[in-house]
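# Please work out how this folds:
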Amino acid sequence: MADPIRMPRRRGTSARWKLTLSYAAVVVVSAVGLLTAVALYLLRYVPEVVRTESFVPNRSDLIRAFIPAAIIMLLVLLAIGLLGGWMIAGRMLAPLDRIGRAAQLAAQGSLSHRVALEGRRDEFRDLADVFDSMLEQLEAHIAEQQRFAANASHELRTPLAISQTMLEVARNAPERDVDALIDRLHEVNTRAIELTEALLMLSRAERRMFTREPLELSLLAEESAETLLPLAERRGVTIDVSGDTANVLGSPALMQQLITNLVHNAIVHNLRADGTVTVRTHALPEAVALVVENTGQVLPAHRVAILAEPFQRGSERTRDDDHGGVGLGLAIVHHIAQAHDGSLVLTARSGGGLNATVWLPHPLPGPLA
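Prediction:
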């Protein structure tokens with residue numbers, strides 16, 4: 001069955017006209033009340049006398065003289081009310097017109113325009129500031145999503161292009177070592193799978209599609225350190241885990257991934273020999289903190305500022321058997337922390353290396369989400 005045709009809604013009376021008519025109505029009603037009160041108050045003192053040869057105005061004469069003047073005055077006040085109301089309403093609604101034009105531009109895809117309402121703070125100024133803040137956040141979010149999509153497309157295209165090239169070379173060179181080709185294809189395919197899983201993990205954290213449970217960060221840190229201990233030993237890195245009992249509410253899988261990413265990042269981007277990774281948990285009065293520090297090269301501040309962005313890799317970051325990184329490790333940590341109402345703070349250590357601190361709120365009493 002075909003959908004019924006929806007007729008376009010007719011545009012009603014504008015808000016400016018409604019305000020104008022309201023102002024004019026208030027003026028006219030007030031004038032009618034005032035003139036009525038004056039007439040009733042004055043006329044009651046004027047008697048209805050009998051006509052004599054000398055003209056003495058009585059109540060009827062005053063009424064006949066008063067009514068036309070009152071009607072003329074009402075018409076004048078009506079005109080003043082309409083004109084004044086139209087001007088006042090236009091002045092009051094001007095900020096809404098500016099906000100409406102900005103919203104129309106935003107609907108057309110232009111998010112760089114701002115209302116930038118001047119003047120003293122009032123309800124309209126607050127609304128304009130909130131709208132500008134929303135546009136700023138939308139512009140930043142869309143720019144980030146576009147940059148992320150472009151980077152993800154590039155990163156996914158790379159292993160596919162490598163696989164295609166290797167297959168074309170194998171087709172043109174039948175004597176090529178098949179086992180080596182299979183091993184190389186397996187490595188490239190593994191990288192593509194890791195990238196896809198990282199993207200899915202990042203999307204899951206951003207959408208907050210998980211159930212919160214009571215967790216103890218120090219236990220999760222010990223589990224991650226134990227899992228990554230063979231990697232640390234191969235790279236000559238020592239892991240030290242200690243700290244307070246730190247209880248939080250969150251997803252066990254996501255929080256385990258957060259800690260694992262931080263420890264893994266601290267191991268593979270460390271000194272080539274005698275490196276250290278320190279993992280600490282702190283239960284502070286205002287929040288819970290997870291701190292992961294490592295030794296390594298000195299990092300410039302401008303580089304540290306973008307390490308948590310997707311597909312950002314620090315200097316001297318190379319791919320080897322121990323490091324299948326795709327540039328999403330710290331980005332995933334950042335989004336998991338945000339999904340748990342926390343934050344990730346990265347700071348370069350003065351002696352070299354990185355300090356990564358995840359701040360999380362204390363668990364609240366009551367039923368869990």
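
# Which elements pack onto the helix or strand hosting A192?
Taking DSSP states H and E as the criterion, A192 maps to helix 178-207. Contacts defined by 3 or more CB pairs under 8 Å, 6 or more residues apart in numbering; DSSP states H and E place helix 178-207 against helix 123-172, helix 252-268, helix 329-339. Glycine gets a C-beta too; all of them are placed from N, C-alpha and C.

# In a markdown table: the ones you listed, plus mean neighbour count and distance to M209.
A markdown table is the format used below for those (neighbours: other CB atoms under 10 Å; distance: least, CB to CB, whole Å):
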| stretch | mean neighbour count | distance to M209 |
| --- | --- | --- |
| helix 123-172 | 13 | 18 |
| helix 252-268 | 23 | 10 |
| helix 329-339 | 23 | 9 |
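
# Those helices: which one's closest to L42?
helix 123-172 (44.0 Å; CB to CB).

# Measure how that closest one sits relative to helix 178-207, angle-wise.
Between helix 123-172 and helix 178-207, the angle comes out at 170 degrees (axes from the mean of the first three to the mean of the last three CA atoms, to 10 degrees).

# Quick one: mean pLDDT for helix 123-172?
For helix 123-172, the mean per-residue pLDDT is 77.

# Mean confidence (pLDDT) on the helix holding A192, please.
73.

# do the same with stretch 234-252
For stretch 234-252, the per-residue pLDDT averages 91.

# Would you mind giving the helices and strands packed on helix 178-207 as a markdown table with distance to P214 added?
Putting those into a markdown table (distance: least, CB to CB, whole Å) gives the following:
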| stretch | distance to P214 |
| --- | --- |
| helix 123-172 | 32 |
| helix 252-268 | 10 |
| helix 329-339 | 17 |
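
# what's the closest of these to T227?
That would be, of the helices and strands packed on helix 178-207 and by CB to CB, helix 252-268, which comes in at 6.9 Å.

# Nearest residue to the middle of the protein?
Nearest residue to the geometric centre of the chain (CA atoms, centre = their mean): Q137, 5.2 Å.

# OK, contacts around that residue?
Applying CB atoms under 8 Å, 6 or more residues apart in numbering to Q137 gives no contacts.

# And it, how close does it get to V188?
Applying CB to CB, to the nearest Å, the value for Q137 to V188 is 38 Å.

# Write down the beta-bridge partners of the residue lying closest to A266 once chain neighbours are set aside, one by one.
Spatial nearest neighbour of A266, excluding adjacent residues (CB to CB, 6 or more residues apart in numbering): N294 at 3.6 Å. Beta-bridge pairing for N294 (DSSP bridges): V277, L354.

# Count the neighbours of N294 for me.
Applying other CB atoms under 10 Å, we find 26 residues neighbouring N294.

# distance of it from A356?
On the measure of CB to CB, N294 and A356 end up 9 Å apart.

# any low-confidence regions in the stretch 251-369 of the chain?
By pLDDT under 70, the low-scoring segments of the stretch 251-369 of the chain are 310-327, 364-369.

# now do 80
Within the stretch 251-369 of the chain, the segments meeting pLDDT under 80 span 308-329, 364-369.

# how does this protein divide up, domain by domain?
15-48+55-110, 139-207, 213-360 (automatic domain parsing).

# How far does the second one sit from its chain's centre?
If I follow you right, that is domain 139-207. The chain centre lies 30 Å from the centre of domain 139-207; the measure is CA atoms, centre = their mean, to the nearest Å.

# Between the two ends of stretch 286-304, what distance do you get?
For stretch 286-304, the separation between the terminal residues is 26 Å (CA to CA, to the nearest Å).

# Kindly report the same for stretch 99-114.
9 Å.

# So for that stretch, what gets flagged as buried?
For stretch 99-114, the neighbour count (16 or more other CB atoms under 10 Å) marks I99, A102, A106, L111, H113, R114 as buried.

# Contact partners for the first one?
What that stands for is I99. V115, L127, A128, F131.

# Please tabulate those in TSV, including the columns distance to L43.
Below are those laid out as TSV (distance: CB to CB, whole Å):
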residue	distance to L43
V115	56
L127	51
A128	53
F131	57
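
# Widest-spaced pair of these?
V115 and L127 (8.8 Å).

# what do the two both touch?
Joint contacts of V115 and L127 (CB under 8 Å, 6+ apart) are P95, I99.

# The residue lying closest to D240 once chain neighbours are set aside: neighbour count?
Among residues not flanking D240 along the chain, T278 sits closest, at 5.0 Å (CB to CB, 6+ apart). If you count neighbours by other CB under 10 Å, T278 ends up with 18.
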